[in-house]
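J.: generate coordinates for the sequence data below:
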Amino acid sequence: QVQFVESGGGLVQPGGSLRLSCAASGFTFSRYTMSWYRQAPGKDREWVALVTGAGGSTSYADSVKGRFTISRDNAKNTVVLQMNSLKPEDTAVYYCKAEGLSGSYHYYWGQGTQVTVSS
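T.: Sure, this is the predicted structure:
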């Protein structure tokens, strides 16, 4: 059974930092590309960042480039999103996503964690 435990969300002032963590189980974590997405109220879910299975490649949305860092620990089946210099427009529910790219394409979503950036 695929399970995710997301943590690290909360309320932070503009300019502050948060570290989101997503611990996965129930599948071969190292074989999956891991991504973070976010969804603000009234908006579509948008991609934020990804890291490939071996952790060798990362990619970021322009809106977070230079402020957010994605990383993974395959020994702990965990993906982390370090968020610095947070802005009010970063307020959203953040979701981790696992994508299986070998064989038939498939994916799994985490349950989401709320991030609120406000003074």
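J.: could you pull out the helices for the chain?
T.: Ranges of helices within the chain: none, based on DSSP state H.
J.: for it, which residue occupies the most central location?
T.: residue 36 (2.6 Å; CA atoms, centre = their mean).
J.: just checking, that residue touches residue 93?
T.: No - Residue 36 sits out of contact with residue 93 when judged by CB atoms under 8 Å, with a separation of 11.1 Å. C-beta here means a position set from N, CA and C on the backbone, and glycine is covered the same way.
J.: show me where the chain has its strands.
T.: 3-7, 10-12, 18-25, 32-39, 46-51, 58-60, 68-73, 78-83, 92-100, 106-109, 113-117 (DSSP state E).
J.: for the longest one, packing partners?
T.: Applying 3 or more CB pairs under 8 Å, 6 or more residues apart in numbering; DSSP states H and E, we find strand 92-100 packed against strand 3-7, strand 18-25, strand 32-39, strand 106-109, strand 113-117.
J.: mind listing what the closest residue to residue 74 other than its chain neighbours touches?
T.: In this structure, residue 74 finds its nearest non-sequential neighbour in residue 30, 4.2 Å apart by CB to CB, 6 or more residues apart in numbering. By CB atoms under 8 Å, 6 or more residues apart in numbering, the contact list for residue 30 reads 53, 54, 74.
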